[in-house]
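*Asks:* Pasting a predicted model and its sequence here:
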Amino acid sequence: MGNEKRILVIGEIDQKSGLTSLTKEILGGATKLADELCGSIDLLLIAAKNDTHQLQWASNYRGVDKVYIAAWPGITIFDCEAITAAASDICKKSQPVLCLIGQTDLGRDIAPRLAARLDAGLCMDCTDVKYEQEQNRFIQTRPAYGGKAMAVFASTSGRLQIDTVRSKSMSPMSVQEVHTGDKIILSVESQHPSKVRLLHCETVQEEGIRLEDAKIIVAGGGGLGIKGFEIIGELAHILNAAIGATRVPVDEKWVPHHMEIGQTGKIVSPELYIAIGISGATQHITGCLGSQKIVAINKDPDANIFKVADYGLVADYKEVLPVLIYQLKKKLS
Ligand SMILES: Cc1cc2nc3c(=O)[nH]c(=O)nc-3n(C[C@H](O)[C@H](O)[C@H](O)COP(=O)(O)OP(=O)(O)OC[C@H]3O[C@@H](n4cnc5c(N)ncnc54)[C@H](O)[C@@H]3O)c2cc1C
């Protein structure tokens, strides 16, 4: 592989649209870093149902040098042992200086395993990764104390650094319509015995706009009740927004789990985040602090959400939302 500095991106696939938006963002960030390093990018993907034809487009991404596809029978994205083994094999052969994965269920699972196996540096949930040429090291930024502070970590020069990347923290890369990279199908022989067996898989049908992709999110909290979510559903529909929630509505089963935003839910960064009946607990705020503008509606003037909101309305949502919906409908009709 010579002395070329390589970056390995472990990507994820969205069955509808190819690479997930976070993978495209990471590839965008990796392209910038590869330019600074005068290096190249490799991409590892896990093929669903052993169907490598689905991944014809994978090597069409600008700047991607090699696409490794783990595609042996039985492999799934839930098989953290097999994926760690495949990534570890690639790292041993191609000696990357940096490995980037999304801060997703897969990334949270794989990154620490890979770091332990390869004795690499590890930084989770990065919002920025920079290369410092003078010291030949990577500088990672990540939120700390539930988003109240940003912590900066420097990697050790000459040691592989593994980072998971938070969504919406890097600009996505564009597809180039010509084949640029090599595609390498990892064979059955590459697989390692794994103790993980997928017994059953239930796909959760997410309706409407995905929280991760939404420009506007209307989020509801424990102050709403199940009826309140019907009202914010109407508001979201008018604004073409996605609906999010805090943990309380999820625990109360007013809304499904995939709508939870926060430390144990999704991390979102829309242009506009409308928080209704949400107290503003740190564990929730950490998931929406990347929003460009936060609007809060809460009947408690001392609610913590007002400390992070750009605009706040101290009011009962039952009085405010019908008026807002009426006015928006009038304006948009
Ligand atoms: C380890 C751990 C991880 C966690 N992870 C998450 C996470 O990922 N996401 C998450 O959200 N939480 C998480 N939590 C829970 C978190 O600590 C809070 O309990 C939760 O966020 C509170 O949700 P809430 O603000 O909607 O509800 P509440 O605390 O019940 O607040 C309801 C708010 O609604 C207001 N309100 C009531 N009625 C009205 C009305 N009619 N009109 C207007 N306002 C009204 C009240 O003034 C209040 O501020 C976690 C907790 C722990 C310990």
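*Replies:* Now that the structure is in, tell me what you want to look at.
*Asks:* Can you name the residues that contact residue 314?
*Replies:* Applying CB atoms under 8 Å, 6 or more residues apart in numbering to residue 314 gives the contacts 298, 299, 300, 301, 306. Glycine gets a C-beta too; all of them are placed from N, C-alpha and C.
*Asks:* Quick check: bridge partners of it?
*Replies:* Beta-bridge partners recorded for residue 314 (DSSP bridges): residue 298.
*Asks:* ok, now residue 42?
*Replies:* Beta bridges link residue 42 to residue 8, residue 66, judged by DSSP bridges.
*Asks:* Would you write a PyMOL line that selects the buried entries of the contacts of residue 314?
*Replies:* To isolate the buried members of these in PyMOL, using 16 or more other CB atoms under 10 Å:
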select buried, resi 298+306
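*Asks:* What about the ligand: which of the contacts of residue 314 touch it?
*Replies:* Residues of the contacts of residue 314 in contact with the ligand (CB under 6 Å from any ligand atom): 298, 299, 300.
*Asks:* Just the pLDDT for the second one.
*Replies:* I take that to be residue 299. You'll see residue 299 listed with a pLDDT of 98.
*Asks:* Roughly how far does the nearest residue to it once chain neighbours are set aside sit from the ligand?
*Replies:* Using CB to CB, 6 or more residues apart in numbering and skipping residues adjacent in sequence, the residue nearest residue 299 is residue 316, 4.9 Å away. Counting by CB to the nearest ligand atom, to the nearest Å, the gap from residue 316 to the ligand is 4 Å.
*Asks:* and residue 316, how many neighbours does it have?
*Replies:* For residue 316, the neighbour count with other CB atoms under 10 Å is 12.
*Asks:* Give me the local confidence score for it.
*Replies:* We have a pLDDT of 97 for residue 316.
*Asks:* Then the one 10 residues further on?
*Replies:* Per-residue confidence (pLDDT) for residue 326: 96.
*Asks:* Break down the stretch 151-300 of the chain into its strands, ranges please.
*Replies:* Residue ranges of the strands in the stretch 151-300 of the chain, as given by DSSP state E, counting those that start in this stretch, are 161-165, 182-186, 216-220, 242-245, 272-276, 293-298.
*Asks:* weakest of those by average pLDDT?
*Replies:* Confidence, taken as mean pLDDT, is least for strand 182-186 of the strands of the stretch 151-300 of the chain (a mean of 72).
*Asks:* quick one: strands adjacent to that one?
*Replies:* strand 64-70 (parallel).
*Asks:* by contact count, what packs against the helix or strand following the partner strand?
*Replies:* Downstream of strand 64-70, the first helix or strand assigned by DSSP states H and E is helix 80-94. The contact analysis (3 or more CB pairs under 8 Å, 6 or more residues apart in numbering; DSSP states H and E) places helix 80-94 against strand 6-10, strand 40-46, strand 64-70, helix 105-118.
*Asks:* Excluding covalently adjacent residues, which one is nearest to the residue in the stretch 1-150 of the chain that the ligand sits nearest to?
*Replies:* Distance from the ligand to each residue of the stretch 1-150 of the chain (CB to the nearest ligand atom) is smallest for residue 146, at 9.5 Å. Leaving out its chain neighbours, the residue that sits closest to residue 146 by CB to CB, 6+ apart is residue 282, at 3.7 Å.
*Asks:* and what of residue 133?
*Replies:* Leaving aside its sequence neighbours, residue 133 sits nearest to residue 36 (CB to CB, 6+ apart; 7.1 Å).
*Asks:* Report the rounded mean pLDDT for the one helix or strand the one you found maps to.
*Replies:* With elements taken from DSSP H and E, the one containing residue 36 is helix 21-37. Mean per-residue pLDDT for helix 21-37: 92.
*Asks:* okay, the angle between it and helix 105-118?
*Replies:* 40 degrees (axes from the mean of the first three to the mean of the last three CA atoms, to 10 degrees).
*Asks:* so where's the stretch 101-250 of the chain shaky on pLDDT?
*Replies:* 174-181, 185, 187-192 (pLDDT under 70).
*Asks:* of all the residues in it, which ones are close to the ligand?
*Replies:* Residues of the stretch 101-250 of the chain found near the ligand, taking CB under 6 Å from any ligand atom as the criterion, are 221, 222, 223, 246, 247, 248.
*Asks:* give me that answer again for 8 Å
*Replies:* Within reach of the ligand by CB under 8 Å from any ligand atom, the stretch 101-250 of the chain has these residues: 220, 221, 222, 223, 224, 228, 245, 246, 247, 248, 249, 250.
*Asks:* Any chance of JSON lines for these, columns distance to residue 29 and neighbour count?
*Replies:* What follows is those, written out as JSON lines (distance: CB to CB, whole Å; neighbours: other CB atoms under 10 Å):
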{"residue": "220", "distance to residue 29": "32", "neighbour count": "30"}
{"residue": "221", "distance to residue 29": "32", "neighbour count": "24"}
{"residue": "222", "distance to residue 29": "36", "neighbour count": "18"}
{"residue": "223", "distance to residue 29": "37", "neighbour count": "21"}
{"residue": "224", "distance to residue 29": "37", "neighbour count": "26"}
{"residue": "228", "distance to residue 29": "38", "neighbour count": "20"}
{"residue": "245", "distance to residue 29": "29", "neighbour count": "30"}
{"residue": "246", "distance to residue 29": "30", "neighbour count": "30"}
{"residue": "247", "distance to residue 29": "30", "neighbour count": "19"}
{"residue": "248", "distance to residue 29": "34", "neighbour count": "20"}
{"residue": "249", "distance to residue 29": "33", "neighbour count": "26"}
{"residue": "250", "distance to residue 29": "31", "neighbour count": "19"}
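*Asks:* Thanks a lot, see you next time.
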